[in-house]
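Asks: let's see this in three dimensions:
(one chain, ligands or ions: 1)
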Amino acid sequence: MCGIVGYVGHQQATPILIGGLRRLEYRGYDSAGVAVANNGNETRVIRCRGKLAALEALLEQEKPLGTCGIGHTRWATHGRPSDENAHPHKVGSVAVVHNGIIENHVGLRVRLRAAGRTFSSQTDTEIVAHLIDEALLEGAPSFIDAVRKALRQIEGAYALVVLSDLYPDQIIGAKNSSPLVIGLGKNEAFLASDAPAILEHTREVIFLEDGDIVELSRKDVRVSDVDGKPLSRAPRTITWTAAQAEKAGYPHFMLKEIFEQPRAVTDTLRGRLLVDKNDAVLDGLDLGSGIDRVVLIACGTSYHAGLVGKFLIEASARLPCEVDLASEFRYREPVITGRDLVVGISQSGETADTLAALKEAKSRGARTLAICNVVDAAIARAADAALYTHAGPEIGVASTKCFTAQLAALTLLSIHLGRRTGRLSEDAAADFIRELLLIPNKMTVALESMGEISKIAERYKNAKDFLFLGRGTNYPIALEGALKLKEISYIHAEGYAAGEMKHGPIALIDDGIPVVVIAPRGKGYEKVLSNLAEVRARDGHVIAVATVGDKTIAEQCHSVLWIPDAPALLQPLLTVLPLQMLSYCVALARGNDVDQPRNLAKSVTVE
Ligand code: M6R
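Replies: Numbers count the residues shown, from 1 in each chain. So this is what the prediction gives:
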């Protein structure tokens, strides 16, 4: 997830681009840059690693002049944050900014190299600049034809904005799966990832659709498809304030991030599932041989993802898998050997405990892998290799979309290990991958059917305690549901393995305690139903998370939160969604600061 902006008109482009990037910095902030066309002279590109402030300091020294330009604030996905990997990427006459992931970048890079082209970055984006430059040199009749020729060769997700020295009064944008909005002005036009970037200049916008290509000049805005067929897209007037628009109209970042989860999971899986080979590839990593055991280490929500990971890895790869709290790992004498794969899981990649634990494992000879959302963060650098989640920046302190993206990454890892060890048969892998690919749509369905939750939250907002119960793969989700509620509503909550209830927590149950029972159909369902009956027999108030259409559950509970059916190993990607929403709605009903709850920090960089 990056922020991109473009301008063509009668004003100086640079201040407009910087103003737009400032409003998009929440989409990424590891490097930034601008390219400005200068009336037939060579386009100036100024870019650097670091936040936008670093770019602004550079621009103090030399402000590029020109009335047509593009800008970018980056959230690295391919290639570490560095000056060379910062956008725009310029090749020949062509400068490109990009948000998304080009899935077939490896093959294209090989082809372009064989054609004598050299690369100055590790990004997938530079390939797009090469392809457009190649098309222009091969005699494409116009700039847009060259862009179309390049687009026909790329697969994946993109919002692209392109300019060329040869066409200094024109910018071209293209969209597929990543957002891009046009702003309409008088003798000027804008392009941006998100409306807040341009709202101070215009409220007349066109939201582009997948497959759209737009040609912008001072006088004209033309939308067409990859074959050149003109398309009509109606303008809309935006009534949001810029601050509302930054959150895409959601009142809080947490809510926006909850709804972004189908996209975060899709992006994390993107390009890594080989459907025709029933396999998963992990960005060139080859794991499996020489590994006798997997150890997952993490803190907080990431630790809960690890607990689900244990089920996935043991089921698919039949390798023993242990999960450790990073804050505990170093303070005993962990038994680690050179045949262990130790995986540090961290949204931020900066958590001090996880970093220290990973280094400890490495010093004991383990192979190490980081699953991390921030490219080149400390934990990714400390590990032998990294598998990045592509959730985009998470702003809300309570982790939501990074959790489900971590589950997606762990699912990929389990398939990869299973195929390498030979313990996941091709048929089983095919079935599993088929189900996995259905998950993002099922997540959307689950998120769209949560109308009742605010009523439930209102009803229980003054409860002193909550209990969350789950079995198997949903036991970690009980822990996660309780953690979410504690973090932002400040209500005491406990997650428990449902079968353990009778060994203690059942003493807590009376008519004052809401009990959230995670009871989707499938493995362990009947047993959870028995646990539910035990709660009911003691007057506990039951809120169930259940498979849509389950009448048995509906008859036995006070409220039900529905999710679509899925195999047990993939259920956590769905069952966690209503629990995130429940904690959000309870916190809201109690008037709490949802995005910045008291006493917490987004990255815990102290032990
Ligand atoms: O950045 P990390 O994933 O390493 O962070 C670990 C925990 O600090 C984090 O998950 C914390 O528990 C969140 N606030 C949960 O919402």
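Asks: can you map out the helices along the stretch 501-607 of the chain?
Replies: For the stretch 501-607 of the chain, the helices defined by DSSP state H, counting those that start in this stretch occupy 525-537, 551-556, 572-589.
Asks: centre of the chain versus the last one, how much separation?
Replies: Pointing back at helix 572-589 there. Distance of helix 572-589 from its chain centroid, counting by Cα atoms, centre = their mean, to the nearest Å, is 18 Å.
Asks: please apply the same query to the second one.
Replies: Mean C-alpha position of helix 551-556 versus that of the full chain (Cα atoms, centre = their mean) differs by 35 Å.
Asks: buried ones in that helix, by neighbour count?
Replies: 553, 556 (16 or more other Cβ atoms under 10 Å). All C-beta spots, glycine's among them, are computed from the backbone N, C-alpha and C.
Asks: residue of the protein with the smallest distance to the ligand?
Replies: The minimum distance from the chain to the ligand, using Cβ to the nearest ligand atom, falls at residue 300 (2.0 Å).
Asks: flag every residue of the chain that's near the ligand.
Replies: Residues of the chain lying near the ligand by Cβ under 6 Å from any ligand atom: 299-302, 346-348, 351, 354, 397-399, 487, 600, 603-604.
Asks: re earlier: pLDDT at the closest residue in space to the residue of the chain closest to the ligand that isn't next to it in sequence, what is it?
Replies: Spatial nearest neighbour of residue 300, chain neighbours left out: residue 483 (6.8 Å); criterion: Cβ to Cβ, 6 or more residues apart in numbering. Residue 483 is assigned 98 on the pLDDT scale.
Asks: secondary structure class for residue 483?
Replies: Here residue 483 is helix, with the state taken from DSSP: H, G, I helix; E, B strand; the rest coil.
Asks: give the next helix or strand downstream of the worst-scoring helix or strand of the chain on mean pLDDT.
Replies: Least confident helix or strand, the chain: helix 242-246 with a mean of 71, by mean pLDDT, DSSP states H and E. Downstream of helix 242-246, the first helix or strand assigned by DSSP states H and E is helix 253-259.
Asks: quick check: what element follows that next one along the chain?
Replies: helix 261-269.
Asks: quick check: mean pLDDT of that next one?
Replies: Rounded mean pLDDT across helix 261-269 is 96.
Asks: work out the gap between that helix and the centre of the chain.
Replies: 6 Å.
Asks: what's around residue 301, how many residues?
Replies: Here the number of neighbours of residue 301 (other Cβ atoms under 10 Å) works out to 23.
Asks: list the contacts of it.
Replies: 347, 399, 402, 403, 480, 483 (Cβ atoms under 8 Å, 6 or more residues apart in numbering).
Asks: quick one: the helices in the stretch 101-250 of the chain?
Replies: 105-114, 125-137, 143-153, 242-246.
Asks: the residue of the chain closest to the ligand contacts residue 398, correct?
Replies: No. With contact defined as Cβ atoms under 8 Å, residue 300 does not reach residue 398; the gap is 9.9 Å.
Asks: and those two? Which one has more around it.
Replies: It is residue 398, of residue 300 and residue 398, that has more neighbours when counted by other Cβ under 10 Å, with 29 against 23.
Asks: what's the distance between that one and residue 506?
Replies: As judged by Cβ to Cβ, to the nearest Å, residue 398 and residue 506 stand 29 Å apart.
Asks: and what of residue 407?
Replies: Residue 407 is 30 Å from residue 506, by Cβ to Cβ.
Asks: okay, and the beta partners of residue 343?
Replies: Beta-bridge pairing for residue 343 (DSSP bridges): residue 296, residue 369.
Asks: same question for residue 323.
Replies: Residue 323 has these beta-bridge partners by DSSP bridges: residue 296.
Asks: which ones are touching it?
Replies: By Cβ under 8 Å, 6+ apart, residue 323 lies in contact with 295, 296, 297, 298, 303, 306, 307, 309, 310.
Asks: the helix or strand containing residue 495: how far from the chain's middle?
Replies: Element membership of residue 495 [criterion: DSSP H and E] is strand 492-497. Its chain's C-alpha centre and that of strand 492-497 lie 27 Å apart, by Cα atoms, centre = their mean.
Asks: pull out the buried positions in that strand.
Replies: For strand 492-497, by 16+ other Cβ under 10 Å, it's 493, 494, 495, 496, 497.
Asks: equivalent analysis for stretch 138-155, please.
Replies: 140, 143, 144, 146, 147, 148, 149, 150, 151, 153, 154.
Asks: equivalent analysis for stretch 9-22, please.
Replies: Using 16+ other Cβ under 10 Å as the test for burial, stretch 9-22 gives 9, 12, 13, 14, 16, 17, 18, 19, 20, 21, 22.
Asks: where do the strands sit along the stretch 401-550 of the chain?
Replies: Assigned by DSSP state E, counting those that start in this stretch, the stretch 401-550 of the chain shows strands spanning 465-470, 492-497, 514-519, 541-547.
Asks: could you dump the second one to PDB, C-alpha only?
Replies: Extracted C-alpha coordinates of strand 492-497, given in PDB (Å, rounded to 0.1, in the frame of the first residue of the first chain):
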ATOM      1  CA  HIS A 492     -11.600  -7.600  31.700                       C
ATOM      2  CA  ALA A 493     -11.900 -10.500  29.400                       C
ATOM      3  CA  GLU A 494     -10.500 -14.000  29.300                       C
ATOM      4  CA  GLY A 495     -10.000 -16.400  26.400                       C
ATOM      5  CA  TYR A 496     -10.200 -20.100  27.300                       C
ATOM      6  CA  ALA A 497     -10.100 -23.400  25.600                       C
END
